[in-house]
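Novice: only geometry, no sequence info:
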């Protein structure tokens, strides 16, 4: 926060609203009516009070306002929204998915589906292969767009313990994977 009058910022306060219920955090519970809670710092600040029990998939809105040394209270700006997300994306390997025989040195198509309620990262997919039934993994390709397919030319490996894994990451950093 800054003070355009030159008297300096005395304090910053924040308001936190649950957009699903319309209630505000008062430092102990969700209540009706906007609450302004103390923040630590002035130019750069952070909320220092007790955090609420965040609910997965819920969007919250935060606003800040400053009070200058002369006691003038800033008109709060627009709220900033964020969604609390602890749910990993869903991922399913479609092909190969058990029993296929792929010839080494021949292009093969790995296919999958991946989704997330709050959105996947920009390049959320990592493809990996294991030649020992999942004990160790080697990355085939990381940073793949969620296109649903990737052409891969496997090496010549003669075993029945090979697996392909597709992993996805969402915007909150939650990860999940599926194996063939």
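Specialist: That came through, no problem. Keep in mind that this is a model prediction, so the values were computed, not measured.

Novice: Sheet partners, orientation included, of the helix or strand of the chain with the lowest mean pLDDT?
Specialist: In the chain, no helix or strand scores lower on mean pLDDT, DSSP states H and E than strand 46-47, which sits at a mean of 90. If you go by DSSP bridges, strand 46-47 pairs up with strand 37-40 (antiparallel).

Novice: and residue 113, what element?
Specialist: strand 108-115 (DSSP states H and E).

Novice: Name the residues of that strand that are buried.
Specialist: Neighbour-count burial for strand 108-115, with 16 or more other CB atoms under 10 Å as criterion, is recorded at 108, 110, 112, 114. For the C-beta atoms, the positions are set from N, CA and C on the backbone; glycine is no exception.

Novice: What average pLDDT does it get?
Specialist: Strand 108-115 comes out with an average pLDDT of 97.

Novice: Which residues outside it are in contact with it?
Specialist: 89-96, 102, 120, 124-125, 127, 140, 146, 148-154, 164, 166, 168, 178 (CB atoms under 8 Å, 6 or more residues apart in numbering).

Novice: Generate a PyMOL selection restricted to the buried subset of these.
Specialist: In PyMOL syntax, the buried subset of those is picked out as below (16+ other CB under 10 Å):
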select buried, resi 89+91+93+96+102+120+124+125+127+140+146+150+154+164+166+168+178
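
Novice: got a list of what residue 179 touches?
Specialist: Here residue 179 is in contact with 93, 130, 134, 163-165 (CB under 8 Å, 6+ apart).

Novice: cutoff 6 Å now
Specialist: 163, 165 (CB atoms under 6 Å, 6 or more residues apart in numbering).

Novice: Report the separation between it and residue 165.
Specialist: From residue 179 over to residue 165 the distance is 5 Å, taken as CB to CB, to the nearest Å.

Novice: One more: residue 58?
Specialist: For residue 58 relative to residue 165 (CB to CB), the value is 31 Å.

Novice: Between those two, which is the more surrounded one?
Specialist: For residue 58 versus residue 165, neighbours defined as other CB atoms under 10 Å are more numerous around residue 165 (21 against 14).

Novice: right, and the more buried one touches residue 177 too?
Specialist: Yes. Contact criterion CB atoms under 6 Å: residue 165 and residue 177 qualify, at 5.4 Å.

Novice: which non-adjacent residue is nearest residue 175?
Specialist: Here the nearest residue to residue 175 in space, its sequence neighbours aside, is residue 169; by CB to CB, 6 or more residues apart in numbering that works out to 4.9 Å.

Novice: Cross-check the contact I'm expecting between that neighbour and residue 176.
Specialist: No. At 8.4 Å, residue 169 and residue 176 do not qualify as touching, with contact defined as CB under 6 Å.
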